[in-house]
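Engineer: Whatever this is, show me its structure:
(one chain, ligands or ions: 1)
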Amino acid sequence: MAKRPIEPFRIKAVEPISLLPEAQRRRIIKEVGFNVFRIRAEDVFIDLLTDSGTGSLSQFQQAGLMIGDESYAGSRNWFHFEQTVKEIFQKKFVLPCHQGRVAENILFSTILKKGDYVPNNTHFDTTRANTMHKGGIPVDFPCREADDERSDFPFKGNMDIDRLRAFIQKVGPDRVPVIIITVTNNSVGGLPVSMANIAAVRGVCDEFGIPLFFDAARYAENAYFIKRHESGYEDRTIMSIAQEMCGHADGIMMSAKKDGLANMGGFLAINDEKLLGRLQEMLILIEGFLTYGGLNGRDLEAIAIGLKEALCEDYLDYRVGQIRYFGEMLQQVGCPIVTPTGGHGIFADAGKLLPHIEPAHFPAQSMVVELYRRGGIRAVEIGSMMFGDKDPNTGKAVAPKRELVRMAVPRRMYTASHLEYVVDIVAEIVKDKDRLRGYRIVKEPAYLRHFTCELEEMAGYPAGAISG
Ligand code: F0G
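Structural biologist: This next block holds a predicted model:
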């Protein structure tokens with residue numbers, strides 16, 4: 001059992017939270033069509049929906065907000081932001097934007113043609129949707145270990161180099177305008193990519209003349225795992241590991257809402273001057289001028305400070321230790337999870353916990369609903385509801401390999417006792433698991449359906465299940 005992680009901070013401002021009575025929670029979840037994205041945040045007790053933009057700012061970031069310069073062009077905070085991004089991510093040009101998916105949109109609108117392929121270790125949902133929206137075809141090449149439940153390989157976020165190379169040979173490099181590595185690999189459990197794997201993907205890019213981009217939302221957590229698990233990096237600073245990682249990429253797409261330790265923000269960073277002008281045109285068109293990109297001056301300052309705080313080793317020891325501790329407690333109460341644990345949350349294996357509910361009836365969503373009913377806890381389904389959208393280009397639905405419930409942990413926000421409370425609620429669900437029911441979708445949009453779709457609980461399926 002991991003040591004109880006001690007928060008390396010004390011709390012200076014508090015935000016009250018409260019648990020609504022159970023009858024009210026049961027009514028609310030039904031009213032929102034069993035979709036937790038539609039619940040009012042104030043009706044949630046412990047919010048593990050995402051680690052994105054939800055963390056606490058440090059006293060230094062709060063102080064930074066006060067020196068926000070809201071000039072339209074050339075604010076001082078922009079220069080601090082630009083210099084920090086260049087230092088860590090090792091790129092010549094920086095384009096600010098208000099969140100990661102805009103970086104995706106700007107890049108893909110500029111470089112993708114209809115029918116182009118975009119390989120990734122595993123696309124995150126917005127990256128997949130943005131690729132498809134521009135007529136591209138997202139393809140995932142997770143490493144083989146990612147699917148091997150018995151393997152404790154630490155770098156399950158890696159890309160499968162052989163399959164990547166074979167694919168490019170088959171379709172031809174002209175139809176592959178970019179290769180992306182997502183660090184850490186959110187969709188396989190927030191697990192990291194090793195430096196050796198990054199270097200190998202770089203090799204494939206060089207072989208075929210294809211640029212390499214990182215989807216770098218959790219770059220600091222990835223660098224920390226390299227320090228802990230990859231030989232040769234034990235004595236390196238996290239900053240120098242992050243710089244080495246990013247040095248392999250031609251460009252970076254970043255959501256600063258994760259390892260930027262900020263509530264809003266993102267950027268694109270590149271070296272290619274020829275690409276710059278076209279990206280800048282799009283940036284001005286959809287986000288704003290080149291020195292603010294849809295952000296306030298004070299946001300740029302908070303991100304500049306946060307990007308560096310995320311690289312502090314005592315913070316990362318606590319951050320990754322907290323996730324490991326949470327995972328070990330969940331396993332002790334009989335909840336199957338994806339192992340080893342990653343950097344930003346726990347992925348419970350609802351497919352395994354609830355084998356009586358078929359993937360078509362969303363076992364992971366059934367667990368998500370139950371977490372809210374029983375504990376006022378909000379988590380997110382990562383399974384057939386999230387990934388079962390039909391690809392508008394092919395008309396086919398993507399069948400996920402597992403039915404997972406992600407309990408993402410916001411940065412520097414919840415203490416060990418909050419997580420222990422969540423474990424107590426999961427323990428109750430594990431005891432009653434045979435009584436959970438399946439769901440069916442009654443309303444859905446064309447893209448990213450999990451955000452807005454509505455569901456109904458299936459009466460009598462499976463027989464004997466509890467009533468909503
Ligand atoms: N890439 C990755 C790997 C992500 O995890 C996210 C967001 C994005 C890109 C998009 O960034 O939200 O700033 O537009 N992930 C959040 C999550 C939403 O809950 O995992 P964004």
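
Engineer: alpha carbons only for contacts and neighbour counts from here, please
Structural biologist: Fine.

Engineer: For the ligand, see how far away Leu300 is.
Structural biologist: From Leu300 over to the ligand the distance is 14 Å, taken as Cα to the nearest ligand atom, to the nearest Å.

Engineer: Quick check: buried residues in the one helix or strand that residue maps to?
Structural biologist: For Leu300, the element it lies in under DSSP states H and E is helix 297-309. The neighbour-count check on helix 297-309 (16 or more other Cα atoms under 10 Å) flags 297-309 as buried.

Engineer: With pLDDT added, can I get those in a markdown table?
Structural biologist: As requested, the buried residues of helix 297-309 are exported to a markdown table (pLDDT from 0 to 100):
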| residue | pLDDT |
| --- | --- |
| Gly297 | 98 |
| Arg298 | 98 |
| Asp299 | 97 |
| Leu300 | 98 |
| Glu301 | 98 |
| Ala302 | 98 |
| Ile303 | 98 |
| Ala304 | 98 |
| Ile305 | 98 |
| Gly306 | 98 |
| Leu307 | 98 |
| Lys308 | 98 |
| Glu309 | 98 |
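
Engineer: thinking again about what came up before, any idea how far the helix holding Leu300 is from the chain center?
Structural biologist: 20 Å (Cα atoms, centre = their mean, to the nearest Å).

Engineer: helices and strands around that helix, which ones?
Structural biologist: helix 59-66, helix 76-89 (3 or more Cα pairs under 8 Å, 6 or more residues apart in numbering; DSSP states H and E).

Engineer: if we can go back for a sec, specify which member of the buried residues of helix 297-309 is nearest to Asn197.
Structural biologist: Leu307 (23.9 Å; Cα to Cα).

Engineer: Pretty sure Lys257 is one of the things the closest one touches, is it not?
Structural biologist: No: using Cα atoms under 8 Å, Leu307 is not in contact with Lys257, being 10.1 Å away.

Engineer: Quote the end-to-end distance of stretch 346-357.
Structural biologist: 21 Å (Cα to Cα, to the nearest Å).

Engineer: Show me which positions of that stretch end up buried.
Structural biologist: Buried-residue list, stretch 346-357, by 16+ other Cα under 10 Å: 346-354, 356-357.

Engineer: Using JSON lines, lay out the residues you listed together with distance to Gln243.
Structural biologist: Formatted as JSON lines, these follow (distance: Cα to Cα, whole Å):
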{"residue": "Ile346", "distance to Gln243": "27"}
{"residue": "Phe347", "distance to Gln243": "29"}
{"residue": "Ala348", "distance to Gln243": "32"}
{"residue": "Asp349", "distance to Gln243": "34"}
{"residue": "Ala350", "distance to Gln243": "37"}
{"residue": "Gly351", "distance to Gln243": "38"}
{"residue": "Lys352", "distance to Gln243": "39"}
{"residue": "Leu353", "distance to Gln243": "40"}
{"residue": "Leu354", "distance to Gln243": "43"}
{"residue": "His356", "distance to Gln243": "47"}
{"residue": "Ile357", "distance to Gln243": "45"}
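
Engineer: In helices, which of the residues you listed fall?
Structural biologist: Counting by DSSP state H, these place 350-353 in helices.

Engineer: How far does the lowest-mean-pLDDT helix or strand in the chain sit from its chain's centre?
Structural biologist: Between all helices and strands in the chain, the lowest mean by mean pLDDT, DSSP states H and E belongs to helix 384-387, at a mean of 87. Mean-position distance between helix 384-387 and its chain equals 15 Å (Cα atoms, centre = their mean).

Engineer: Kindly report the same for stretch 304-324.
Structural biologist: 16 Å.

Engineer: Could you list the buried residues of the longest helix along the chain?
Structural biologist: The longest helix of the chain (DSSP H) is helix 313-332. For helix 313-332, the buried set under the neighbour-count rule, 16+ other Cα under 10 Å, comprises 313, 315-330.

Engineer: before we move on, back to that, could you identify the most distant pair in the buried residues of stretch 346-357?
Structural biologist: Ile346 and His356 (22.4 Å).

Engineer: How much space separates the spatially most central residue of the chain from His229?
Structural biologist: Nearest to the geometric centre of the chain sits Asn186, at 4.6 Å (Cα atoms, centre = their mean). Distance of Asn186 to His229, computed by Cα to Cα: 19 Å.

Engineer: Likewise for Gln99?
Structural biologist: Taken as Cα to Cα, the span from Gln99 to His229 is 30 Å.

Engineer: which one of the two has more residues nearby?
Structural biologist: Per other Cα atoms under 10 Å, whichever of Gln99 and His229 has more neighbours is Gln99, with 23 against 14.

Engineer: residues touching that one, list them.
Structural biologist: With contacts defined as Cα atoms under 8 Å, 6 or more residues apart in numbering, Gln99 is in contact with 254-257, 264-267.

Engineer: quick one: which of those residues is nearest to Ala408?
Structural biologist: Ala408 lies nearest to Lys257 out of the contacts of Gln99, by Cα to Cα, at 13.2 Å.

Engineer: Nearest residue to Tyr315 in space, please, no chain neighbours.
Structural biologist: The shortest distance from Tyr315 to any non-neighbouring residue, by Cα to Cα, 6 or more residues apart in numbering, is to Pro8 (6.6 Å).
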